[in-house]
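Student: this one's structure only:
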């Protein structure tokens, strides 16, 4: 396999020739050559933490980030382009609020899968979470698990890798791969985080175990440890002690309960994000970053409520009736898109647009955006043509993701798809490149492998290249 440094060098030279400019992403030619000669000079981390917004189900790129007003009429989105804060940069009207923070965003319209076998939701989600194709010989861990292995957590009482809420079926696609299970993501749970009665599972002591009772249990454990202190093999006991200590820290720490308490937010902030489930999930993601969690993934699916009759599967898998004003139906009599609402409904893109725009502004106002990498992703896009059920099917030929923060130059569109949004026509990128970009932003040394339990070296992020326009 070719060295990643060689691949990066080849790409930068080719891109210079193709664009005919003196640099890439604002770099002068001398700067570019200096970085090429010494890749280690890029290792100063721009990001201290990462927030991934995983809008799972295959969000339609041509209805959101990549408007196609010249597409043929029978397949064109009814949601036309809107201007943003950046001249010449347009989204569709479903992102009208996000358009107001476009100067802080870099949108990659040239994502695609260059290998078959990740065009369903389970393996597509696994691909998005790990940045490694699911057909790889070695099952690769989530990006968040790799980060947890290599970077110490700033806080001991909170898990270093958290998924909010992590209760959809695709949340089961998280992996630790060949790494220890202790690096697995912690899933908060919660059917509806907007419910005032919601409490995070497992990190807070039960009411009947708080106070003196928990303290007495800790003392009992200490007594038992002392009794067996003469055991010859102390390593396993000491290892368990570390886990018990972490557990007690979580159960007794005030910072844990505060981090998950949305009631501490002002009414204005709650209104900015949106009072429903999605806004609450995005807001909790911000609170966890602020509390010191290194890697947060927000995986939202709006719950079935009395306000959303028929909405029992509110992800982005719009195989039929994608432009319905309400429910797409509850009976599996079309293409399998039952249980969701049309993409333009409030619980779909309305809440997403509001929550994401609020998140970017809020992080910026708090000074967190400078060293937080925000990634808005989906596992693939949707077909440029409507099917016979007025829906769009899975599509890996072209789709869009977006980035902000941690030194990402905002106000730019990266890459391009064709007139219909079907195929990438310039600067193609893959989920491997996405993962490598995160590792590079965090300053991780990809030249050093991780190791399996049998001491086999496994390199991470070596099949992708950092997306240069994001640096």
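Tutor: Great, that's in hand. None of the values given here were measured: they were computed from a predicted structure.
Student: for residue 348, what are its contacts?
Tutor: 302, 314, 316, 340, 341, 342 (C-beta atoms under 8 Å, 6 or more residues apart in numbering). Backbone N, C-alpha and C define where each C-beta goes, glycine included.
Student: grab the most central residue of this structure for me.
Tutor: Against the mean C-alpha coordinate of the chain, by C-alpha atoms, centre = their mean, the closest residue is residue 52 at 2.3 Å.
Student: and the nearest residue in space to residue 290 that is not next to it in sequence, how many neighbours?
Tutor: Distances taken as C-beta to C-beta, 6 or more residues apart in numbering place residue 368 nearest to residue 290, at 6.7 Å, with adjacent residues excluded. The tally of other residues near residue 368 (other C-beta atoms under 10 Å) stands at 18.
Student: pretty sure residue 368 sits against residue 288.
Tutor: No - contact between residue 368 and residue 288 fails when scored by C-beta atoms under 8 Å: they sit 11.4 Å apart.
Student: touching both of those two, which residues are there?
Tutor: With C-beta under 8 Å, 6+ apart as the test, residue 368 and residue 288 reach no residue in common.
Student: the nearest residue to residue 467 once chain neighbours are set aside: which element?
Tutor: Among residues not flanking residue 467 along the chain, residue 437 sits closest, at 4.9 Å (C-beta to C-beta, 6+ apart). Assigned by DSSP states H and E, residue 437 belongs to helix 431-441.
Student: and that helix, what does it pack against?
Tutor: In this structure, helix 431-441 makes packing contacts with helix 121-130, helix 143-150, strand 372-377, judged by 3 or more C-beta pairs under 8 Å, 6 or more residues apart in numbering; DSSP states H and E.
Student: would TSV of the ones you listed with mean pLDDT and distance to residue 322 be doable?
Tutor: As requested, these are arranged in TSV below (pLDDT from 0 to 100; distance: least, C-beta to C-beta, whole Å):
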stretch	mean pLDDT	distance to residue 322
helix 121-130	97	16
helix 143-150	98	30
strand 372-377	98	20
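Student: can you add mean neighbour count and distance to residue 262 and give the ones you listed back as CSV?
Tutor: As requested, these are exported to CSV (neighbours: other C-beta atoms under 10 Å; distance: least, C-beta to C-beta, whole Å):
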stretch, mean neighbour count, distance to residue 262
helix 121-130, 24, 25
helix 143-150, 24, 22
strand 372-377, 24, 19
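Student: and the ones you listed: which comes nearest residue 87?
Tutor: strand 372-377 (22.1 Å; C-beta to C-beta).
Student: most neighbours among the contacts of residue 348, please name it.
Tutor: Going by other C-beta under 10 Å, residue 340 tops these with 31 neighbours.
Student: surely it touches residue 320?
Tutor: No - using C-beta under 8 Å, residue 340 is not in contact with residue 320; the gap is 9.4 Å.
Student: so what sits against both of those two?
Tutor: Common neighbours of residue 340 and residue 320 (criterion: C-beta under 8 Å, 6+ apart): residue 328.
Student: now the helices for the protein?
Tutor: 4-19, 29-37, 121-130, 143-150, 212-227, 235-252, 254-259, 267-273, 277-291, 351-365, 431-441 (DSSP state H).
Student: least reliable of the ones you listed by average pLDDT, please.
Tutor: Across the helices of the chain, helix 4-19 has the smallest mean pLDDT, namely a mean of 38.
Student: any low-confidence regions in this protein?
Tutor: Along the chain, segments meeting pLDDT under 70 span 1-43, 202-254.
Student: can you list the domain ranges for it.
Tutor: 1-42, 49-195+266-449+460-470, 204-228+235-259 (automatic domain parsing).
Student: and among these, the most buried is which?
Tutor: Mean neighbour count (mean count of other C-beta atoms under 10 Å) peaks for domain 49-195+266-449+460-470 among these, with a mean of 20.
Student: residues contacting residue 143?
Tutor: Per C-beta under 8 Å, 6+ apart, neighbours of residue 143: 50, 52, 129, 130, 131, 295, 435, 438, 439.
Student: reformat those as TSV; add distance to residue 451.
Tutor: Formatted as TSV, those follow (distance: C-beta to C-beta, whole Å):
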residue	distance to residue 451
50	23
52	25
129	21
130	17
131	19
295	21
435	19
438	21
439	17
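Student: tell me how far the residue nearest to residue 290 lies from residue 441.
Tutor: For residue 368, the distance to residue 441 equals 15 Å [C-beta to C-beta, to the nearest Å].
Student: and residue 343, by the same measure?
Tutor: 30 Å.
Student: could you do residue 426 as well?
Tutor: 23 Å.
Student: residue 443 contacts residue 48, correct?
Tutor: No - taking C-beta under 8 Å as the definition, residue 443 is not a contact partner of residue 48, at 9.6 Å.
Student: I'd say residue 334 and residue 321 touch.
Tutor: Yes - taking C-beta under 8 Å as the definition, residue 334 is a contact partner of residue 321 at 7.5 Å.
Student: give me the common contacts of these two.
Tutor: 389, 391.
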